[in-house]
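K.L.:
Here is my input, please return the structure:
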Amino acid sequence: MENSTVYYDGHSLKSKEIAKMFEERNEGVILVEASSVTDSIVYEENKTVGFIFASVKGHLPECIKQLLNRLVVDKQAYIYAFVVGGNHEIRVIKDMNEILKHRGMKLASAYAEYILQRISANEVKQLEKIEEDVKSQRRLLDEFHDQMAKANKDDVKKQLKRDIRDYIKFKIKKKF
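P.N.:
Model prediction:
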């Protein structure tokens, strides 16, 4: 993976760990701790930008939120997020996407712990999946929205109910 910048939340041990693994596995990845960025405007030259963080009580970490509000990147850039834990990961992804939309950018792909657990329980395989999607510039959120637009409303409701039930089971299982 070439010319990619990954911002991570330095306050989260899991974020640091995943970010270091990501950097070791990929040449050309520039790893930046989000809280260390103090510029009033953050101009990102790379066309691939990633964020690794854990949600904090269902919200974006403050350092990531501030960075998103100061970030300037090409409008066609590939922006992805990896939420490594915390509560209400999907809400955090939605909030991040809203901030980016407000700034004229778009979140291309997002990964939550629950989503990746469905792929594999092995963190290395999870990282491989993310790397594969980033290298191919796969826009998962666009694909998801296209599927939902084409689907029957009843099928969407059934799928959402199943997903919510499975997510609740995942969260309960994770606690124990």
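
K.L.:
Against which helices or strands is the host helix or strand of residue 128 packed?
P.N.:
According to DSSP states H and E, residue 128 maps onto helix 123-135. Counting contacts by 3 or more Cβ pairs under 8 Å, 6 or more residues apart in numbering; DSSP states H and E, helix 123-135 packs against helix 13-25, strand 78-83, strand 107-112, helix 113-119. Yep, even glycine has a C-beta here, placed from its N, CA and C like the rest.

K.L.:
Please repeat the previous calculation with a cut-off of 6 Å.
P.N.:
Of the remaining helices and strands, none touches helix 123-135 by 3 or more Cβ pairs under 6 Å, 6 or more residues apart in numbering; DSSP states H and E.

K.L.:
In it, which of the residues would be classed as buried?
P.N.:
Applying a neighbour-count criterion of 16 or more other Cβ atoms under 10 Å, one finds 126, 127, 130, 131, 133, 134 buried in helix 123-135.

K.L.:
residues in contact with the fifth one?
P.N.:
It stands for residue 133. residue 109 (Cβ atoms under 6 Å, 6 or more residues apart in numbering).

K.L.:
hmm, 10 Å instead?
P.N.:
78, 80, 108, 109, 111, 139, 140 (Cβ atoms under 10 Å, 6 or more residues apart in numbering).

K.L.:
For those, give me CSV that also has pLDDT.
P.N.:
Shown next, in CSV, are those (pLDDT from 0 to 100):
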residue, pLDDT
78, 89
80, 91
108, 89
109, 88
111, 87
139, 80
140, 71
